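# Based on what follows, work out the 3D shape:
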Amino acid sequence: MGSNSSTQKHMKIFKIRTLKGDGKYGIGCRNLNELLEKGCKKFKLPLNSARVCLYDDGTELSDEYLRNLPDNTELVLLAAEQTWEGFVTDIDRFLNAFYSRQTDVTEAARKLLSDEQAPQRRKILVDFIQNLNENISAENREDDNLWFEGLEPRYKNKSSYMRSSCESRIRSYMKEVQSSATTIDPAVRDEYKKLAETMCDELRAVKYNGCYFDRTEEKTGRLCTAEGWFSCQGPFDMDECGSKHSINPYSNRESRILFSTWNLDHRIEKKRTVLPRLTEALTERNGRQINWKYFFNLLFTLENLKLVHIACHKKTSHHLACDDSMIYVKRKPARRIKR
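So this is what the prediction gives:
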């Protein structure tokens, strides 16, 4: 009985359609393979090379991404060689709401979406349409109860929850730092624990950098606009996001949940590079003082963290190294005493 209950708990329902026809159907599944099998059977499509993507913007789904999607998310089932880049046709509805001469304006919009800048423009229009009628400006629970559905009563406004969400991510990084002590050479373990505790004290002092997700913070302290819009900063090896991913988790419950799939990615990798280099530095220090603030910044601040959409989160090795010149505290030259 317990096993069956657990299975049902992980069943999720999605609305799925194909490129042919406007009909969409609810399909329950536990993983991506099951969704593909049921979808292909329903629409009589070959399972080989079939793919599923978001109806909103064409993001192709992985198992991990699927698990984080809310129920009733709209998806598109694609056969081999088919592509879907988002609901461009919904621009018609948006334009119709604001212009009487819809035909002329729609044609102008289609031209904007047909040149080499189309992907960037499309993404911006899609995000705007998706959030057009949402209660973005509402901040308090009583003004947007749907946004708070499923959240603890202690969260009285959106910014407090978003701040807590960011704090939780940073806390998890700190726990990884602390738990690594068990794998370190006993000769330097105590020193490592002292450094970890020093960094933990610093995190407490800056309130775990929760300001990054809080739209009420000063501009220099947050990653979003004053309205709550976040933009993907692109993969670790790029200066920007080529797909122009953006999201406003303050707009609706679905966007809030989807934002949890975005990553605060370490450019110089935490597990593969930063923590091993810290351990090496302790072993090789020869009386030198570790520059713990340098490692703190790599682990917990925007000096090394990038906010990225799940599609821009590359899980391959980054092959980026720590700056050896910053690992130890530089000693100040002794001053000569004048006589």
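# what residues are up against residue 282?
Applying C-beta atoms under 8 Å, 6 or more residues apart in numbering, one finds that residue 282 lies in contact with 184, 188, 191, 192, 195, 290. Every C-beta, even on glycine, is put in place using the N, C-alpha and C of the backbone.
# Then residue 229?
246, 247, 248.
# Among the contacts of residue 282, which one sits closest to residue 308?
residue 195 (28.1 Å; C-beta to C-beta).
# Tell me who's in contact with the closest residue to the closest one other than its chain neighbours.
Using C-beta to C-beta, 6 or more residues apart in numbering and skipping residues adjacent in sequence, the residue nearest residue 195 is residue 292, 5.0 Å away. Residues in contact with residue 292 (C-beta under 8 Å, 6+ apart) are 195, 198, 199.
# 10 Å instead?
Shown in contact with residue 292 (C-beta atoms under 10 Å, 6 or more residues apart in numbering): 194, 195, 196, 198, 199, 202, 278, 281, 329.
# Can I get those residues in a markdown table including secondary structure?
Below are the contacts of residue 292 laid out as a markdown table (DSSP: H, G, I helix; E, B strand; the rest coil):
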| residue | secondary structure |
| --- | --- |
| 194 | helix |
| 195 | helix |
| 196 | helix |
| 198 | helix |
| 199 | helix |
| 202 | helix |
| 278 | helix |
| 281 | helix |
| 329 | coil |
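# The contacts of residue 229 in strands, which ones?
Counting by DSSP state E, the contacts of residue 229 place 246, 247 in strands.
# From the contacts of residue 229, pick the one nearest residue 261.
For the contacts of residue 229, the minimum distance to residue 261 (C-beta to C-beta) is 9.6 Å, reached by residue 247.
# Against residue 84, how distant is the closest one?
According to C-beta to C-beta, to the nearest Å, residue 247 stands 19 Å off from residue 84.
# Kindly report the same for residue 36.
15 Å.
# Tell me which of those two has more neighbours.
Ranked by neighbour count (other C-beta atoms under 10 Å), residue 36 and residue 84 place residue 84 first, with 22 against 19.
# residue contacts, that one?
Residue 84 neighbours (C-beta under 10 Å, 6+ apart): 17-19, 51-55, 57-60, 75-78.
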